[in-house]
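**Q** quick one, fold the following:
(2 chains)
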Amino acid sequence: MERVPILKVGDVLLISIQTDLEDRTALALQEDLAEQIVRTGARGVVIDITAVEIVDSFIGRMFATIAAMSRLLDARTVVVGMRPAVAITLVELGLSLGGVHTALNLEKGMRLLAAPDPGGPPGTMSGR
Amino acid sequence: MIRELLRLHIHDEEDLFAFRQAGREAADAVGLDGPDRARVAAAISELGREAYAEHGPVEAVFWIRRVQRPALVVEVGFRREERPALAEAMAVAARLMDEVEEETRGDRVIVRVRKHLPEDAPVPGDARVRAVQERLARLVPASAQEELRRQNEELIEALEDLRRKHEELRELHAELEETNHGVVAMYNQLTQEMEETNQGVVALYAELDDKSEQLRRASESKNRFWANISHELRTPINSMIGLARLLLDTRADPLSAEQRHQIGLIAHSGQTILALVDELLDMAKAEEGRLSLRPVPVDVPALLEHLRSLLEPMAEQAGLRLVVEGATGPSDAPVTDEVMLTRILRNLLANGLKFTRRGEVRLAARTEDGHVVFTVADTGVGIAPEEQERVFEEFYQVPGSGGGGTGLGLPYARRLAEALGGGLTLHSALGEGTTVTVRIPLSPGGEPGPRRPPGAGRAGTADGTGQEGTP
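**A** I've put the predicted structure just below:
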C-alpha cells in the first residue's frame, strides 16, 4: 500500500495528494497526519489536491474528518488546488466539508494559515 | 448499437480502486469533459463502494451506446439480498448521472447508470471504440490479478470436478466390487450345482452299468433257455416221430385210410417242430458265440451243385425254377467252414423258394476283393422298405407273408456269415423280388466276425425262415 508523504514546512504540514487515493491509503493518511501533528506541534495542515480528479463521498468525508481531527489537535486545515469539476461534484454529492478551509492554490493556502485564526468554524460549504 | 468497453469483477478494495479509475478513464476516453468526468467517476465510485460493501462481489461493465443519445453506460451487477439495493448510492448517482435504473434478473440485481456524451462531440466510430477498449484494458492492472483469480476459480472448479469424478469412480468401484461378489457367489453356486449334477451323472452311469449288466444276464438266460428248451423238446419230439413212423409201417397193424392220413399229419408236424427246435438250438449257439469253426478249403462249384440237388425237389414242388450259376465258377477256393456256409445258403434258398409264387430263384457266386460273393435272388413278393429293417430281428415275420417258420432264418444266416468273418446284406423292392448278398473272405480272419446283439441287425429281407432240415 502506498503511503502519502507528509512534508513539514515551518510549522505547517504539507500533504500533496498526487494520485487517486485508495480507501485504506486515505485511512492511513489520517493516522499518519495525527501523529505528525502531535510530534511536530504543527499549527496548520495544507492538503493539496491539485492532482485529484475523483472525489466521492468517502474522500469528501475524509477531508472533513482530517479537518475536525486537526482542529482537536490545535491545527487548522486548508484544502488547496481543488479542480472545478471536483468542486462541482462535491456540491452535487451534497457533501458538506464542515470546518474545512479552502484556498485556490498552495500559496494562498499558506498565506491563509499565516493569518490569525478568525476563530470558529468557517461555513465554507452548505450543509447536507 | 451498444459496445462493451470493459468488464471487471470487484472482489476487494483494490478492484474497487481500479473500477473507480476505470470509470474516470472511460469517461475521458469517450470524450466527457472535466466536470462530467468527475461526476461519472464519483457516481460509479459511490455505486461500486456501496454495492461491494453491502452485497459482496460485483460485476461491473462499461458500455458505450451509440444509438439514440450516445452515452457512456455503466452497469453494476450483484446478488440480490433482502435489503434494498444501493438506495443511498443510487440517490447520489441520480444527481450526478443522466439516467439511473435498476433491473432484477433472476437472483441478480443490475444497477445501470448513463451519462450522455456531449452533444457537440462526434459519435465515436469503431476505431475509436477499439482504441478505448485497448486503453481501458491496459489501464486495469487488476485485470491480470482478475485473470489470475478467474484461473484460480477455474482451477478450483476443475479440482472440484476431479474430486467429484474421483468420488464417482470410487462409487463405481464399490459397485463393481459388489457385482464381483455377486459373480463369485453365483459361480460358487453354479459350481456346487454342477458338482451335484455330476454326482447325479455318476450315479446315472452306475445305474446304466447295472442295467446293462442285467440286460446281459437276461440275454444269457434267454440263450440258456433256448438251448435247454431245445434239448428238452427234441427227445419227446423224436419219440413222437418214431412212434408215428412205427404206426405207419406196413408191417404194423393195418390202419384205416383216415387213420393213416391223420398219423401222417402228426408225423409231418413232428418233423416241422423238430426243424424249428434245431434252428433255435443253432441260433442259441450262434448267440453265445459257441460256434466253433472248422475252416477247410471249400470247393465252391461242388458246393453249389450240392445245394442245387438238395433244393431242386422243393423248387419243383413249388413250381419254380432253381437256377445256379457259377457251378464252374470261381477258381479260388475260400478257406472257411463248409457246413456253416452250406447252412447259410440253404437257408437263403429255402427262404427264396418259400416266398416266391412264380418265376425263379437264382444262386450265383463270384470272387471280389478277396471275398467270395454269393447272391440269392428271387422273383418273389419282396419286402417293403420299412420291413427291411426288421427282418433281421429274431422271430420277426413280415405280416401277411403267409410263410411258416420261426422267424429265425435270416438272423441266423446273418450271424453265421458274421461268424465266418463276412457279412450279409439285403436288397428288395415290394413285388419285384429280393436279393440277398453274402460275402465270405477267401481266408478266415482267424476269428469270427463281431457279435451283434439280437435285433441290432439292420437290413431287411423277406423273412420268414427257411426251414432247415437236418441234413
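**Q** after the helix or strand residue B:115 falls within comes which helix or strand?
**A** Using DSSP states H and E, residue B:115 maps to strand B:108-116. Downstream of strand B:108-116, the next assigned helix or strand under DSSP H and E is helix B:126-139.
**Q** is that following helix positioned near chain A?
**A** No. Helix B:126-139 stays clear of chain A (C-beta under 8 Å from any C-beta of the partner chain), getting no nearer than 12.0 Å. In short, each C-beta sits where N, CA and C put it, glycine included.
**Q** so what's the gap between that helix and the chain middle?
**A** 77 Å (C-alpha atoms, centre = their mean, to the nearest Å).
**Q** list the buried residues of it.
**A** By 16 or more other C-beta atoms under 10 Å in any protein chain shown, the buried positions in helix B:126-139 come out as B:128, B:129, B:132, B:133, B:135, B:136, B:139.
**Q** can I take it that residue B:366 is in a strand?
**A** Yes. Counting by DSSP: H, G, I helix; E, B strand; the rest coil, residue B:366 is found in a strand.
**Q** how about it: what's its closest non-neighbour residue?
**A** residue B:373 (5.5 Å; C-beta to C-beta, 6 or more residues apart in numbering or on different chains).
**Q** any idea how chain B splits into domains?
**A** B:2-142, B:168-288, B:295-441 (automatic domain parsing).
**Q** what about the last one, average pLDDT?
**A** Averaged over domain B:295-441, pLDDT sits at 82.
**Q** go on, the second one?
**A** Computed over domain B:168-288, the mean pLDDT rounds to 86.
**Q** kindly report the same for the first one.
**A** Confidence over domain B:2-142 (mean pLDDT, whole number) is 81.
**Q** what's around residue B:96, how many residues?
**A** 25 (other C-beta atoms under 10 Å in any protein chain shown).
**Q** next one: the one 4 residues further on
**A** The burial count assigned to residue B:100 is 20, neighbours taken as other C-beta under 10 Å.
**Q** hang on, it in a strand?
**A** Yes. Looking at residue B:100 with three-state DSSP, it is inside a strand.
**Q** could you show which parts of chain A are in contact with chain B?
**A** Checking chain A against chain B by C-beta under 8 Å from any C-beta, the hits are A:20, A:22-24, A:53-58, A:83-86, A:88-89, A:92-94.
**Q** which of those residues are buried?
**A** Looks like these have A:20, A:22-23, A:53-58, A:83, A:85-86, A:88-89, A:92-93 buried, using 16+ other C-beta under 10 Å.
**Q** which among these gets closest to residue B:94?
**A** For these, the residue nearest residue B:94 by C-beta to C-beta is residue A:92; the value is 10.1 Å.
**Q** pull the contacting residues for that closest one.
**A** Neighbour list for residue A:92: B:39, B:42, B:95, B:96 [criterion: C-beta atoms under 8 Å, 6 or more residues apart in numbering or on different chains].
**Q** from those residues, list the buried ones, please.
**A** By neighbour count, with 16+ other C-beta under 10 Å, those hold B:39, B:42, B:96 as buried.
**Q** in helices only, show me those residues.
**A** B:39, B:42, B:96 (DSSP state H).
**Q** with residue B:255 as the reference, measure out to residue B:240.
**A** 17 Å (C-beta to C-beta, to the nearest Å).
**Q** more neighbours: the two, which one.
**A** residue B:240 (17 against 13).
**Q** quick one: list the elements packing against the helix or strand containing that one.
**A** According to DSSP H and E, residue B:240 maps onto helix B:142-248. Applying 3 or more C-beta pairs under 8 Å, 6 or more residues apart in numbering or on different chains; DSSP states H and E, one finds that helix B:142-248 contacts strand B:2-10, helix B:13-29, helix B:257-288.
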